[in-house]
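Q: The sequence isn't on hand, but the structure is:
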């Protein structure tokens with residue numbers, strides 16, 4: 001029996017939706033790797049494997065609202081193909097600033113003088129440190145020398161920015177006087193003080209930390225890396241106000257009002273948008289960041305800025321329902337139980353969701369979903385679209401807080417197929 005032609009086998013895989021050149025490659029690999037009798041089946045398996053390796057939408061049934069591996073905050077990415085006034089001033093007909101459009105909106109939302117957008121919060125911290133403290137010292141509490149996912153460490157960021165780290169206080173207790181001594185010392189040249197939110201861990205017990213208001217008279221800029229990205233502690237975009245699980249989470253507006261000169265925070269965490277970083281605060285300090293050579297390396301593209309503008313509009317309209325993250329976070333547990341019951345598969349159980357994304361490490365959010373016997377996660381990942389659930393004690397748990405209601409029919413059908421004999 002002769003093997004099929006590469007072209008014929010590739011065309012038989014057209015239903016997978018993969019581009020023809022990829023199908024030709026898959027066909028060649030499949031023909032070369034086994035018997036002729038099973039080549040068609042092998043090609044289907046290889047094509048499915050290649051498809052699963054590509055970027056694609058998935059259904060997040062894990063209960064982790066900001067799942068880093070699943071892209072953190074869900075935000076629509078499609079836009080109409082068109083030119084834009086990204087760096088063009090429509091009033092003068094001259095070249096404009098790509099930061100002016102969206103930066104002005106976030107400055108308004110933070111009730112501060114200025115703001116710019118960069119690639120992510122790590123870029124924001126790096127740019128601020130390089131622009132304000134290169135060749136000088138940055139005072140940071142020993143209890144805030146954090147590491148977040150991907151090996152991002154505050155001490156290394158300060159070093160890479162060209163500044164020097166000056167540690168103050170102790171791991172569990174730092175006072176304003178520790179910063180004051182550092183600024184007054186003739187042995188160090190403190191250019192700025194940095195307060196870093198302990199977003200992914202907590203120190204409890206015999207502790208003391210410094211707030212922005214404590215450093216109001218320090219004499220150098222006070223920069224707060226609040227990380228997670230809560231915009232306003234009052235959550236005016238939610239009809240019911242801030243949820244209880246947000247208590248004590250720092251917010252950009254209140255941090256600036258309390259005396260911080262700059263704040264840095266994420267776009268794709270509690271803000272609920274695409275991956276980005278925001279630097280907001282004093283106009284002269286923001287301008288120094290925007291003028292630094294690293295600002296060009298860290299600047300976002302037009303698609304991100306368009307997404308951030310749409311996100312800013314939703315916040316200005318106080319329309320939390322327009323922001324997928326806040327729709328998900330605000331879902332009523334009773335409604336989640338009702339949805340779970342409608343699945344008519346498995347056992348309806350109460351669950352605990354978590355914020356995720358390196359935020360609020362000890363917080364659990366009441367939720368509900370479906371539990372099924374056995375580990376079904378592999379079968380669910382093979383579904384189209386893939387479904388990501390969690391397993392514990394040989395039971396599969398599907399948390400509906402992180403599942404959009406429009407995906408219920410798809411998820412229900414997948415679960416029923418997974419448990420069918």
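A: Looks like it came in fine. These numbers come from a predicted model, not from an experiment.
Q: drop to CA atoms for contacts and neighbour counts, all remaining ones
A: OK.
Q: in the stretch 151-300 of the chain, which spans are strands?
A: In the stretch 151-300 of the chain, the strands defined using DSSP state E, counting those that start in this stretch lie at 152-153, 164-168, 190-196, 222-227, 262-266, 277-281.
Q: Figure out which of the ones you listed is closest to residue 344.
A: strand 262-266 (39.2 Å; Cα to Cα).
Q: The closest one: partners in the sheet, and parallel or antiparallel?
A: strand 222-227 (parallel), strand 277-281 (antiparallel) (DSSP bridges).
Q: what angle separates the longest one from strand 190-196?
A: Between the axis of strand 222-227 and that of strand 190-196 there is an angle of 30 degrees, by axes from the mean of the first three to the mean of the last three Cα atoms, to 10 degrees.
Q: what is the mean pLDDT for strand 222-227?
A: Mean pLDDT, strand 222-227: 94.
Q: Contacts made by it with the rest, please.
A: Taking contacts as Cα atoms under 8 Å, 6 or more residues apart in numbering, the residues outside strand 222-227 that touch it are 121, 125, 192-197, 199, 212, 215, 250-252, 255, 259-266.
Q: what about 6 Å?
A: Contacts to strand 222-227, defined as Cα atoms under 6 Å, 6 or more residues apart in numbering, come from residues 192-197, 260-266.
Q: Also the last one?
A: Contacting residues not belonging to strand 277-281 are listed as 112-121, 124, 261-267 [Cα under 6 Å, 6+ apart].
Q: Over to stretch 101-119?
A: Against stretch 101-119 from outside (Cα under 6 Å, 6+ apart): 99, 253, 276-283, 298-300, 309.
Q: and of the residues you listed, the nearest to residue 71?
A: Using Cα to Cα, the contacts of stretch 101-119 come closest to residue 71 at residue 276, 12.2 Å.
Q: Compare the strands paired with strand 262-266 and report which one is nearest to residue 335.
A: strand 222-227 (31.3 Å).
Q: Which elements pack onto the worst-scoring helix or strand of the chain on mean pLDDT?
A: None of the helices or strands of the chain scores lower by mean pLDDT, DSSP states H and E than strand 147-148, at a mean of 76. If contacts are counted by 3 or more Cα pairs under 6 Å, 6 or more residues apart in numbering; DSSP states H and E, strand 147-148 sits against no helix or strand.
Q: quick one: strands adjacent to that strand?
A: Counting by DSSP bridges, strand 147-148 is paired with strand 152-153 (antiparallel).
Q: and the partner strand, average pLDDT?
A: 78.
Q: picking that back up, lowest-confidence entry in the contacts of strand 222-227?
A: The lowest pLDDT within the contacts of strand 222-227 belongs to residue 197, with 89.
Q: what sits against that residue?
A: Counted by Cα under 6 Å, 6+ apart, residue 197 has contacts residue 226.
Q: For the residue most central in space within the chain, give me its contacts.
A: Nearest residue to the geometric centre of the chain (Cα atoms, centre = their mean): residue 268, 3.3 Å. Contacts for residue 268 (Cα under 6 Å, 6+ apart) come out as 73, 274-275.
Q: What's the separation between residue 365 and residue 314?
A: Going from residue 365 to residue 314 by Cα to Cα, to the nearest Å gives 24 Å.
Q: If you could redo that for residue 46, that was the one I meant.
A: 43 Å.
Q: With residue 121 instead?
A: Taking Cα to Cα, one finds residue 121 at 21 Å from residue 314.
Q: Now find how far off-centre the least confident helix or strand of the chain is within its chain.
A: 14 Å (Cα atoms, centre = their mean, to the nearest Å).
Q: Residue 296: how many residues sit nearby?
A: Number of residues near residue 296 (other Cα atoms under 10 Å) recorded here: 11.
Q: how about the helices of the stretch 151-300 of the chain, start to end?
A: 154-160, 176-184, 252-257, 283-291, 294-298 (DSSP state H, counting those that start in this stretch).
Q: so which of the ones you listed comes closest to residue 131?
A: helix 283-291 (5.3 Å).
Q: picking that back up, PyMOL command for the buried members of the contacts of strand 277-281?
A: The following PyMOL line selects those of those that are buried, judged by 16 or more other Cα atoms under 10 Å:
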select buried, resi 112+114+115+116+117+118+119+120+121+124+261+262+263+264+265+266+267
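Q: and residue 289, how many residues sit next to it?
A: Count around residue 289 with other Cα under 10 Å applied: 23.
Q: Distance check, the spatially closest residue to it that is not a sequence neighbour against residue 192.
A: Distance criterion Cα to Cα, 6 or more residues apart in numbering; nearest residue to residue 289, sequence neighbours excluded, is residue 131 at 5.3 Å. Using Cα to Cα, we find residue 131 at a distance of 11 Å from residue 192.
Q: Where does the prediction get shaky in the chain?
A: 149-151, 199-201, 421 (pLDDT under 70).
Q: mind giving me the domain split of it?
A: 6-52, 59-74+331-419, 100-319 (automatic domain parsing).
Q: hmm, back to that, reformat the strands of the stretch 151-300 of the chain into JSON lines and put distance to residue 32 next to each item.
A: Formatted as JSON lines, those follow (distance: least, Cα to Cα, whole Å):
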{"stretch": "strand 152-153", "distance to residue 32": "43"}
{"stretch": "strand 164-168", "distance to residue 32": "57"}
{"stretch": "strand 190-196", "distance to residue 32": "55"}
{"stretch": "strand 222-227", "distance to residue 32": "50"}
{"stretch": "strand 262-266", "distance to residue 32": "48"}
{"stretch": "strand 277-281", "distance to residue 32": "48"}
